[in-house]
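**Q** Provide a 3D model corresponding to the input given below.
(one chain, ligands or ions: 1)
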Amino acid sequence: MSEEDTTTPPLFTDLGLVPEILAALEELGYEEPTPVQVAAIPPLLEGRDVIGSAATGTGKTAAFALPLVQRIDGKGRGVRALIMAPTRELAVQVAEAVHKYGKRLGVTVLPIYGGQPIERQLSGLRRGVHVVVGTPGRLLDHIRRRSLDLSAVDYVVLDEADEMLDMGFLEDIDAILAETPEGRQTALFSATFPPRIRELAERHLRDPYRVSVRPPVLETPLVRQVAYVVPRSYKLEALGRILDLEAPTSAIIFCRTRTEVDELTESLAVRGHRPEALHGGLNQTQRDRVMGRFREGTADLLIATDVAARGLDVEHVSHVINYDIPQSPEVYVHRIGRTGRAGREGTAVTLVQPREHRLLKGIERVVRQRIEPARIPTVADLRARRMELLRAELHEILVSGEMDGYRGAVESLADDFDLLDVAAAAVKLAAEARRATEPEDERDIPHWEPSREERGGPDPRGPRGRMDREPRGGGGAGRSGPMTRLYVAMGRRRGLRPGDLVGAITGEAGIPSRAIGSIEIADQFSLVEVAEEHADHVVRSLSSASIKGRKVGIRRAREGVES
Ligand code: AMP
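**A** Below you'll find the predicted structure:
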């Protein structure tokens, strides 16, 4: 880590970025650089090679992509920068990021991956682009067809290098790098550094600057810590349910960007909460007003970015909720330190997307405690919880005896009805009146479980419990095909486990387990990823077979259910 002054955190304006990029970051609502960005951007802008140890979610994409767009600057002819990524999803995501960061500089970008018709990529390449983001297999295909010329490349990034090696791309990477000029600048990012990665770096990087955002060991305050692993598309619904279940008296909910703060504030208001947004875009008067409403309890939820919450003077909140998992463990510890103060009880809730699971591991190391992913409350759980609260309130009224004005109504019904029935009808009315204010999404939220590999052991089901893996193995074309999600109409309630699905798919369809990606088991259904090339065959084979002694429906999952 660079020797930064830790008292005043650096700003994007301190890193040497040009105004066009600062404007793009402003538009995206990024308020300050993450630790990996602070450490990696200056040396990359100077033209140095960099080795970065950073997992997804730390902001590593911007750490290499901002210097990349600034250095190539939309000038020159031919492909000027090359980014290699392990999967189609990551390649597309990185290409989108490069586009957003570099559009004001006129930087053009094209993602290239297996599974997409090669013609579209060929015409894109013929038109000319500055940046190519690709999976190694398909990049090599293009090099062999002579449709990709890397002789003008002066900036190369190997993203998620450990994943690429795990997928058997080592030789392809070597072959691709051999096509680029010797004098190029190279950055390598990886979450882990096994010897094979170190050797790769030694072969291809020159005197690299090392960026490792190693967290100091910190004390954990006495706070109950809970995490929920939720796909992105379910986050809002999950948060709604968690708020119902936890019923915080006051809470700060942290988001990564200003834009997210505004969106979440609006969504929570629609759901009947009283949220206030706090971010760097507010002036002092607006800020004071927001804080006033939060302190006096007119607002019960404060939705904030880290920057806005810094130096915030709030006595105590019952809950700190990380709507986005923080990008470093220090930020996590800082955030959750706002609850559990002065010996009072506090709860920290963190929502983690499946692919951010590694960040949670980093946090666990720093807080020296396991944070087991909890199950998202189901609609039935919430009903039960609401009934419990209602019963407690009824109990209070009965004990206090304050119901004089209502006895008459009961008496007039008592001649015709059983008193127990009259009471039950009254409870029903009260329960329904409450429900009416809380819109409910009956969707079953899939529960994600780390694979055995992620928990530290070998995993019999092959690929990890992640959602964006390309199939491995094989050579050349065909290895980088995309994945497809299938919906299986059987879930946890019927005792279904990931191994059952893997067994059924490999056994019935006869495809290798490495062609199976992530598996999510919900109460009533499951989602399983298989290589697109096998998808129809798997659907056909399983439609006539049975799982755990039953026939089950299986089809392609609908768009939008995916994270
Ligand atoms: P990455 O680790 O590159 O996958 O980034 C994780 C997420 O953080 C992405 O959604 C980025 O848009 C977002 N992000 C990256 N840098 C920042 C920043 N400085 N402030 C807020 N959000 C950021």
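**Q** May I ask which helix or strand of the protein has the lowest mean pLDDT?
**A** When each helix and strand of the chain is scored by mean pLDDT, DSSP states H and E, helix 452-455 comes last, with a mean of 51.
**Q** what's the residue of the stretch 151-300 of the chain found nearest the ligand in contact with, if anything?
**A** Relative to the ligand, the nearest point of the stretch 151-300 of the chain is residue 256 (4.0 Å; CB to the nearest ligand atom). The way it works is simple: take the backbone N, C-alpha and C, and place the C-beta from them, glycine included. By CB atoms under 8 Å, 6 or more residues apart in numbering, the residues touching residue 256 are 30, 305, 324, 327.
**Q** Serialize those to a markdown table and add fields for neighbour count, secondary structure and distance to residue 263.
**A** Shown next, in a markdown table, are those (neighbours: other CB atoms under 10 Å; DSSP: H, G, I helix; E, B strand; the rest coil; distance: CB to CB, whole Å):
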| residue | neighbour count | secondary structure | distance to residue 263 |
| --- | --- | --- | --- |
| 30 | 22 | coil | 15 |
| 305 | 25 | coil | 13 |
| 324 | 21 | coil | 12 |
| 327 | 25 | coil | 19 |
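**Q** The residue of the chain positioned farthest from its centre and residue 422: what is the separation?
**A** Distance from the centre of the chain peaks at residue 415, with 59.8 Å (CA atoms, centre = their mean). For residue 415, the distance to residue 422 (CB to CB, to the nearest Å) stands at 11 Å.
**Q** just for this structure, where's the confidence low?
**A** For the chain, applying pLDDT under 70 flags the ranges 1-7, 214-222, 311, 313, 315, 340-344, 435-443, 449-480, 559-563.
**Q** Could you find the closest non-adjacent residue to residue 149?
**A** Among residues not flanking residue 149 along the chain, residue 78 sits closest, at 6.2 Å (CB to CB, 6 or more residues apart in numbering).
**Q** ok, now residue 527?
**A** residue 520 (4.6 Å).
**Q** which element is the closest residue to residue 194 other than its chain neighbours on?
**A** Spatial nearest neighbour of residue 194, chain neighbours left out: residue 162 (6.8 Å); criterion: CB to CB, 6+ apart. In this assignment (DSSP states H and E), residue 162 forms part of helix 161-166.
**Q** again with residue 189
**A** Per DSSP H and E: residue 189 is located in strand 185-190.
**Q** Which helix or strand lies directly C-terminal to that strand?
**A** Using DSSP H and E, the helix or strand that follows strand 185-190 in sequence is helix 195-204.
**Q** What helices and strands are in contact with that following helix?
**A** Using 3 or more CB pairs under 8 Å, 6 or more residues apart in numbering; DSSP states H and E as the contact test, the elements touching helix 195-204 are helix 161-166, helix 170-177, strand 185-190.
**Q** Just the CA trace of the second one, in CSV.
**A** These are the backbone C-alpha positions of helix 170-177, laid out as CSV (Å, rounded to 0.1, in the frame of the first residue of the first chain):
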residue,chain,number,x,y,z
LEU,A,170,-2.6,-20.0,-19.1
GLU,A,171,-1.2,-21.0,-22.5
ASP,A,172,-3.7,-18.8,-24.3
ILE,A,173,-2.7,-15.8,-22.2
ASP,A,174,1.0,-16.4,-23.0
ALA,A,175,0.2,-16.7,-26.7
ILE,A,176,-1.9,-13.5,-26.7
LEU,A,177,0.7,-11.5,-24.8
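**Q** Now do the buried residues in it.
**A** The neighbour-count criterion (16 or more other CB atoms under 10 Å) identifies 170, 172, 173, 176, 177 as the buried residues of helix 170-177.
**Q** Just send those residues back as JSON lines, with distance to the ligand too.
**A** Formatted as JSON lines, the buried residues of helix 170-177 follow (distance: CB to the nearest ligand atom, whole Å):
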{"residue": "170", "distance to the ligand": "23"}
{"residue": "172", "distance to the ligand": "23"}
{"residue": "173", "distance to the ligand": "20"}
{"residue": "176", "distance to the ligand": "22"}
{"residue": "177", "distance to the ligand": "22"}
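**Q** quick check: domain ranges of this structure?
**A** Following automatic domain parsing, one gets these domains for the chain: 12-212, 223-374, 379-437, 468-556.
**Q** Would you pull up how far the shortest one lies from the middle of the chain?
**A** Read it as domain 379-437. Centroid separation for domain 379-437 versus its chain: 42 Å, with CA atoms, centre = their mean, to the nearest Å.
**Q** what's the answer for the last one, then?
**A** Distance, stretch centre to chain centre, for domain 468-556: 23 Å (CA atoms, centre = their mean).
**Q** In which helix or strand does residue 380 reside?
**A** helix 379-400.
**Q** counting contacts, what elements does that helix pack onto?
**A** Helix 379-400 packs on helix 235-246, helix 419-435, going by 3+ CB pairs under 8 Å, 6+ apart.
**Q** how about CSV for the ones you listed, with distance to residue 489 added?
**A** Converted to CSV, those look like this (distance: least, CB to CB, whole Å):
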stretch, distance to residue 489
helix 235-246, 21
helix 419-435, 28
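**Q** Check those helices for me and report the most buried one.
**A** Sort the helices and strands packed on helix 379-400 by mean neighbour count, taking mean count of other CB atoms under 10 Å, and helix 235-246 sits at the top with a mean of 20.
**Q** same for it, what does it pack against?
**A** For helix 235-246, the packing partners by 3+ CB pairs under 8 Å, 6+ apart come out as helix 258-270, strand 319-322, strand 347-352, helix 379-400.
**Q** So which residues on the stretch 1-150 of the chain come close to the ligand?
**A** 30, 33, 34, 37, 56, 57, 58, 59, 60, 61, 62 (CB under 6 Å from any ligand atom).
**Q** tell me which parts of the chain are close to the ligand?
**A** Contacts of the chain with the ligand, taken as CB under 6 Å from any ligand atom, map to 30, 33-34, 37, 56-62, 256-257.
**Q** For burial, what's the neighbour tally of the closest residue to residue 252 other than its chain neighbours?
**A** Nearest non-adjacent residue to residue 252, counting by CB to CB, 6+ apart: residue 302, 4.8 Å away. Residue 302 is flanked by 27 other residues according to other CB atoms under 10 Å.
**Q** Okay, and residue 302 sits in which element?
**A** strand 301-304.
**Q** Name the residues that touch that strand?
**A** With CB under 8 Å, 6+ apart as the test, strand 301-304 has contacts from 243, 248, 250-255, 261, 264-265, 268, 273-279, 290, 294, 309, 312, 314, 317, 323.
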